[in-house]
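>>> please work out how this folds:
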Amino acid sequence: MTKITKELLLEKGTPKHSKLEHIKKINLSNLNLKTSDLDRVLFSQLSELEELDVSRNLLTEIPSNLGLYSLKCLNCASNDLNQVTSISQFENLEDLNCEDNLHLTICDTYKLVYLLPNLRQFNGSNITSSGYNLWFVNSRQLKCQVNAYWNKKYKARLSESSTPDEIRAVGNRFVKSAVANIKYGPNSLSEFTKWRVEMIASEILNSLLQHKEKSSDSENEDDNENKDVLCISGSSNGSSGSCTELCSERNTCIHSAKNIAKHAEHRKAKAPQNVNKDISKDKIQSGKERQTKPTNLSKKDNIFAINKEAKRECSATSIAASKESIPRKKTKYRTSVVLEPLHYLQCHSKDNNPEDFNTQLWACAFEPELESSQIPDVWMQSSRNVAICGGDSVCIIDCETGIVHHKYKSIGDELFSLAWTTLTMIDANQKRKLNVLAVAGQLGVVKLIHTKVNYCYGSIKAHRKSISTLCFSPKRETFLFTASYDHTIILWDIGVPDLDYRFQASRLLVLKSGSTPFKMSLVPTCPDHYLVAACENGCFAWDITQTKPEGKRNFEMEFLFPIYNKEDENNYHVIDTLVFCSDDLIASKSSMQGSIYLWSWNKTLQKRKKQNTKVHAEILREFEWSNTEQLYIALAACPAENYLLCGDEKGDVWMYRFDENSTEYLTSGKKTSPTQILKWPTIEAKGEIVEGTLINVAITDTEFKYLVAATDKNIVVIWKRI
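A predicted model of the protein is given here:
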């Protein structure tokens, strides 16, 4: 353990000087410091200190009253911090790093963002917009709820003649009751919500007591403004509620109104401007083609920069949605679900440019739940978090709040695919589960990210050409399939990282596809036996059993579809997507087919003749779909609700509810109409209507609470089921 002395501070500080008051930056990292070692007397002499690094120590908290009034940057990562409120003493703090403090929760993060109104960077992420949202939007809604609770439950218990002791007694009961009963936001933020409710309710109580004191001092003083705030008596029921809600919000905040206004202007000035270019003058690509050759790559091509520009920093521009975008039941559709547009996000912009409507979003997947996880971050255990990749970025978004929790950048890359897996790590003889996100694209490199700790712990140079799609085995958590434009599919064992994130990846199997695989899936009933892939020259299945000798394997089966018989100028052998809708049912479509086949895996295999590689798919249903020439529009399924989804080139989502046991329309040859078509919502940005755009993929969570669409215009749309 190192004792902090004046000499040590001068030695570790810059610029070099004989007096502490001239030091601007000090690095005290990795000195085994405890909280008691931070001497208030010594630190109070650092009047001009702007940067302090106390990372990788043993601090349990930051002592109060350190006197560092000029501090702008604080790094206290990798300590044992268990509370953060004392950090609020640094009012000018702009950059804070609290990573790898295991006792801190997401609620502590929210407290810090609220308590430090000048904070711009948190754990390396730009939080300007989310901080503004927390300070004003979140606070305004909570204040409305607290004021309404006061008006309904406690206001009538007081009168103008109530004494300060009576006001204090009623007020204390009100504060306790409000904390216990007012609910707002997700459960993972309940601690933060209670903390803010107690703060707001206490402010109301203080305002009542202050008003009483002023009334006692000057009975003749004009108190019209305070009447509106208090509304204890003398107001009709018809107006008191609205007066209290509006005026209390203005007056109950103990913080200086001028100070809040200053923070608001400061945040607005630094917040990303919600400016859209004139989209009517832009021509979005009518056709899409993934670039397979890197262009203009920098020296850092293979460096995966964790940008973490998170939390609404690149959220959708100021937009409004018409209620007409909510799907209506139509007579030609069967029973439909009702979905309400919840969020529109523009979070993959190149260089964080709010005018970027050209970045294409290629893939998205919901994070799996961690049912038995010992990881303390509650929000990461919810399946409402979705990862979306496009351009050089992948973002992890909370579907309920619309907050971009994390953003990662792969410098010089364009990310085409991603996949989640849950690994089991052995930590001090205990099993600990962690979610790992694999992302890949143009450079042919797979990046492995432990999202909970914001760390890309490894990369695998999987292919010489671009990677088109990824797939983890549902049975073997470390088995990852990578498919590439080099016409191969490779099975990797990515291993489990140790406590220092060291891991060993090994190549297990190479499958020859003969063309580019676009989508692939393991057969749910036998994930260790068969892999099925939609490829540029057809749909194929490979035997992936590990008992066979090593080497490159050819496909075992090619599936034939009725649309092949109609080939003239169109090449219907281009199967651009497929998905398993259940243990047996597969949905797939060809380019320019204008429909979607639903076929049976088991019945198809039953028709196969021995040693015959060509097998006619057993079609159960043919669904109507858009007559588009666009490629790469992916299918998605929600097996729990028996729903199949597919976007189109106009921004609509076609939704099909299927019955696994039904054979309707099999013999008639009629195509099955969609259950409903979810129309592109009316989105307005800066007075301009954002027209519908090609949806590359639309997915739901496992329980169909949320529907997420990723588009060709750098827009993510999130609907919620109501």
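
>>> beta partners of the nearest residue to Asn554 once chain neighbours are set aside?
Spatial nearest neighbour of Asn554, chain neighbours left out: Lys512 (5.4 Å); criterion: CB to CB, 6 or more residues apart in numbering. Where C-beta positions appear, they are placed from N, C-alpha and C, glycine not excepted. Beta-bridge partners for Lys512, by DSSP bridges, are Thr488.

>>> count the neighbours of Lys512 for me.
Neighbour count of Lys512, defined by other CB atoms under 10 Å: 13.

>>> if I look at it, how far off is Thr628?
30 Å (CB to CB, to the nearest Å).

>>> now Phe174
Phe174 sits 59 Å away from Thr628, going by CB to CB.

>>> shaky segments in the protein?
Within the chain, the segments meeting pLDDT under 70 span 1, 128-137, 215-335, 371-382, 427-429, 548-550, 567-570, 660-669, 685-686.

>>> Lys720 is in contact with Val337, isn't it?
No. In this structure, Lys720 is not within contact of Val337 by CB atoms under 8 Å, at 10.8 Å.

>>> who has more neighbours out of those two?
Val337 (19 against 16).

>>> tell me which residues in stretch 150-165 are buried?
For stretch 150-165, a neighbour-count test (16 or more other CB atoms under 10 Å) marks 150-151, 154-155, 158, 162 as buried.

>>> count of neighbours near Lys176?
12.

>>> would you say it is within a helix?
Yes. Secondary structure of Lys176 (DSSP: H, G, I helix; E, B strand; the rest coil): part of a helix.

>>> tell me the contacts of it?
Contacts of Lys176 were listed using CB atoms under 8 Å, 6 or more residues apart in numbering, and none were found.

>>> so how far is Arg157 from it?
Lys176 is 14 Å from Arg157, by CB to CB.

>>> is the spatially closest residue to Phe122 that is not a sequence neighbour in a helix, a strand, or coil?
Distances taken as CB to CB, 6+ apart place Leu96 nearest to Phe122, at 5.5 Å, with adjacent residues excluded. Under three-state DSSP, Leu96 falls in the strand class.

>>> so Leu96 touches Arg120, yeah?
No. Leu96 is beyond contact range of Arg120, at 9.3 Å (criterion: CB under 8 Å).

>>> for Lys609, helix, strand, or coil?
Going by three-state DSSP: Lys609 is coil.

>>> what is the biggest helix by length in the chain packed up against?
Ranked by residue count under DSSP state H, the longest helix found in the chain is helix 190-217. For helix 190-217, the packing partners by 3 or more CB pairs under 8 Å, 6 or more residues apart in numbering; DSSP states H and E come out as helix 106-115, helix 139-153, helix 164-181, helix 224-230, helix 237-251.

>>> which parts of that helix are buried?
Those would be 191-205, 207-208, 211-212, for helix 190-217 by 16+ other CB under 10 Å.

>>> now do it and helix 139-153, the angle between them.
Angle, helix 190-217 to helix 139-153, by axes from the mean of the first three to the mean of the last three CA atoms, to 10 degrees: 60 degrees.

>>> quick one, helix 190-217 and helix 164-181 angle?
Using the same axes, to 10 degrees: helix 190-217 against helix 164-181 is 160 degrees.

>>> okay, the angle between helix 190-217 and helix 106-115?
Using the same axes, to 10 degrees: helix 190-217 against helix 106-115 is 40 degrees.

>>> can you give me how far helix 190-217 is from the chain middle?
Remark: helix 190-217 is offset 35 Å from the chain centroid, using CA atoms, centre = their mean, to the nearest Å.

>>> please apply the same query to stretch 147-167.
Relative to the chain's own centre, stretch 147-167 is displaced by 42 Å; criterion: CA atoms, centre = their mean.

>>> can you tell me the helix or strand for Ser161?
Using DSSP states H and E, Ser161 falls within no helix or strand.

>>> would you check how far apart it and Lys650 are?
67 Å.

>>> who's in contact with Phe416?
290, 362-363, 389, 440-442, 466-469.

>>> at 7 Å what do you get?
Counting by CB atoms under 7 Å, 6 or more residues apart in numbering, Phe416 makes contact with 290, 362-363, 440-441, 466-468.

>>> nearest to Lys713 among those residues?
When these are compared for distance to Lys713 (CB to CB), Trp362 wins out at 13.0 Å.

>>> which residues are in contact with the host helix or strand of the closest one?
Element membership of Trp362, judged by DSSP H and E, is strand 361-366. If you take CB under 7 Å, 6+ apart as the criterion, strand 361-366 is touched by 348, 383, 385-390, 415-420, 696-697, 699, 701, 708, 710-711, 714, 716.

>>> ok, now with 8 Å
The contact list for strand 361-366, computed with CB under 8 Å, 6+ apart, reads 348, 383-391, 415-420, 441, 469, 632, 634, 696-697, 699, 701-702, 708, 710-712, 714-716.

>>> only whichever of these are buried, select them in ChimeraX.
In ChimeraX, this line selects whichever of the contacts of strand 361-366 come out buried by 16+ other CB under 10 Å:
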select :348,383,384,385,386,387,388,389,390,391,415,416,417,418,419,420,441,469,632,634,696,697,699,701,708,710,711,712,714,715,716
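
>>> which SS class is Lys603?
helix.

>>> any idea how far the residue nearest to it when sequence neighbours are not counted is from Asp351?
Of all residues not flanking Lys603 in the chain, Glu618 sits nearest, at 3.8 Å (CB to CB, 6+ apart). Distance, Glu618 to Asp351, using CB to CB: 50 Å.

>>> the helix or strand hosting His406 to helix 106-115, inter-axis angle?
Assigned by DSSP H and E, His406 falls within strand 404-410. Angle, strand 404-410 to helix 106-115, by the same axes, to 10 degrees: 90 degrees.

>>> and strand 404-410, what other elements does it pack with?
strand 304-305, strand 393-398, strand 430-441, strand 445-450.

>>> again, 6 Å this time
strand 393-398 (3 or more CB pairs under 6 Å, 6 or more residues apart in numbering; DSSP states H and E).

>>> who's more crowded, Glu618 and Asp351?
In this view Glu618 and Asp351 are compared by other CB under 10 Å, and Glu618 has more residues nearby, 16 against 6.

>>> how far away is the more buried one from Ser600?
Separation of Glu618 from Ser600 (CB to CB) stands at 5 Å.

>>> repeat that for Asn537.
Counting by CB to CB, the gap from Asn537 to Ser600 is 23 Å.

>>> what does Leu339 give?
29 Å.

>>> tell me the centre residue of this protein?
Ile397 (1.2 Å; CA atoms, centre = their mean).

>>> a strand runs through Leu418, doesn't it?
Yes. Under three-state DSSP, Leu418 sits within a strand.

>>> follow-up on the earlier one: doesn't Asn602 make contact with the residue nearest to Lys603?
No. Glu618 lies out of contact with Asn602 (CB atoms under 6 Å); the separation is 8.4 Å.

>>> okay, stretch 383-402 in PDB with CA atoms only?
Only the C-alpha atoms of stretch 383-402 are listed here, as PDB (Å, rounded to 0.1, in the frame of the first residue of the first chain):
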ATOM      1  CA  SER A 383     -34.900 -10.300 -23.700                       C
ATOM      2  CA  ARG A 384     -36.100  -6.800 -24.600                       C
ATOM      3  CA  ASN A 385     -32.500  -5.900 -25.500                       C
ATOM      4  CA  VAL A 386     -31.800  -6.200 -29.200                       C
ATOM      5  CA  ALA A 387     -28.400  -6.000 -31.100                       C
ATOM      6  CA  ILE A 388     -28.500  -4.400 -34.600                       C
ATOM      7  CA  CYS A 389     -25.500  -4.100 -37.000                       C
ATOM      8  CA  GLY A 390     -24.900  -2.000 -40.000                       C
ATOM      9  CA  GLY A 391     -22.100   0.200 -41.400                       C
ATOM     10  CA  ASP A 392     -19.100  -0.200 -39.100                       C
ATOM     11  CA  SER A 393     -21.300  -0.300 -35.900                       C
ATOM     12  CA  VAL A 394     -23.300  -2.600 -33.800                       C
ATOM     13  CA  CYS A 395     -25.800  -1.100 -31.200                       C
ATOM     14  CA  ILE A 396     -27.500  -2.800 -28.300                       C
ATOM     15  CA  ILE A 397     -30.900  -1.200 -27.700                       C
ATOM     16  CA  ASP A 398     -33.500  -1.400 -24.900                       C
ATOM     17  CA  CYS A 399     -36.700  -1.800 -26.800                       C
ATOM     18  CA  GLU A 400     -38.900  -0.400 -24.000                       C
ATOM     19  CA  THR A 401     -36.900   2.800 -23.300                       C
ATOM     20  CA  GLY A 402     -35.300   3.200 -26.700                       C
END
